[in-house]
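J.: Provided below are the primary sequence and the corresponding predicted coordinates.
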Amino acid sequence: MKFFVDTADTAEIAELAATGLLDGVTTNPTLIARSGRDFIEVVAEICRLVDGPVSAEVIASDHPGMMREAGILRELADNVCIKVPMTLDGLKTCKKLSADGAMVNVTLCFSLGQALLAAKAGATFVSPFIGRHDDNGFDGIDLIRDIRLVYDNYNFATEILAASVRHPIHVLECARLGADVATMPAPVIRNLVKHVLTDKGIEGFLADWAKTGQTICG
Ligand code: E4P
């Protein structure tokens, strides 16, 4: 399972990239606005920080406009992944860009039918939004299960990128179901590391080690 971080905060991305555990980045217009930085400049910087796909979302809602914006974004780096909304214009743009060799992430997916269309449009990634699905009384994890089943039925190459991930349990459920990628805020990745018994174990080992009076590095 690939781990992407869902942020446009370059300091946060650099810190996670240094662990060697980060496989990519997703951004959206809200995250770009939160960064307070120029869109093109911040996306270019993120692409230099990670080797994997960096999703950058088009703003236009019509196909010609999406194509124009995608053209500019594609020039930034080889690892840019063009993020398009789940609309007919978005799917048409996905089809065109994928045929032209670009990575495409179809975002704001809330149903199995939408996921099926994204795969048919040749998307590299489809982004079902688990947390927002849950917020509205649906089960985001059920959606991941359904998409996995249907994609496997037809051997679709589109990767399931679980998005709007709110906590470690979402990540673990997605892993059990075989989602290809989870994109999550940095605190969720950090929380996956934590366990009270790990902390307690380290504390105990260090206390006992201190009693030996030894050092490893001299
Ligand atoms: C994914 O690409 C989106 O940027 C993101 O996961 C949205 O998450 P949110 O529902 O927490 O805003």
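T.: Noted; the coordinates are in hand. Numbering: from 1, shown residues only.
J.: make it CA atoms for all contacts and neighbour counts henceforth
T.: Noted.
J.: Nearest to the ligand within this structure, name that residue for me.
T.: Ser164 (3.4 Å; CA to the nearest ligand atom).
J.: In contact with that residue, which residues are there?
T.: Pro128, Phe129, Ile130, Gly131, Arg132, Thr183, Met184 (CA atoms under 8 Å, 6 or more residues apart in numbering).
J.: do Phe3 as well
T.: Phe3 neighbours (CA under 8 Å, 6+ apart): Leu21, Leu22, Asp23, Gly24, Val181, Ala182, Thr183, Met184.
J.: Narrow those to just the buried residues.
T.: Buried by 16 or more other CA atoms under 10 Å: Leu22, Asp23, Gly24, Val181, Ala182, Thr183, Met184, out of those.
J.: surely the last one meets Ala8?
T.: No. Counting by CA atoms under 8 Å, Met184 does not reach Ala8; the two are 12.0 Å apart.
J.: Mind pulling the model confidence for the residue positioned nearest the centre of the chain?
T.: Centroid-nearest residue in the chain, with CA atoms, centre = their mean: Thr183, separated by 3.0 Å. Among the per-residue scores, Thr183 holds a pLDDT of 98.
J.: how deep is Lys211 tucked in, by neighbour count?
T.: 8 (other CA atoms under 10 Å).
J.: Let the chain start at 65 from now.
T.: Will do, 65 is the new start, and the previous item becomes Lys275.
J.: any idea how far the helix or strand containing it is from the chain center?
T.: Applying DSSP states H and E as the criterion places Lys275 in helix 260-276. Relative to its parent chain, helix 260-276 has a centroid offset of 35 Å by CA atoms, centre = their mean, to the nearest Å.
J.: Same question for stretch 240-252.
T.: With CA atoms, centre = their mean, you get 7 Å for stretch 240-252.
J.: got it, and stretch 70-81?
T.: On CA atoms, centre = their mean, the centre of stretch 70-81 falls 12 Å from that of its chain.
J.: what's that stretch in contact with?
T.: Contact partners of stretch 70-81, identified using CA under 8 Å, 6+ apart, comprise 69, 86, 89-91, 95-96, 98-99, 106-107, 109-110, 113-114, 247-250.
J.: These also near the ligand: which ones?
T.: Thr90, Thr91 (CA under 6 Å from any ligand atom).
J.: Going by neighbour count, which of the contacts of stretch 70-81 are buried?
T.: Restricting these to buried positions leaves 69, 86, 89-91, 96, 106-107, 110, 113-114, 247-250, with burial counted as 16+ other CA under 10 Å.
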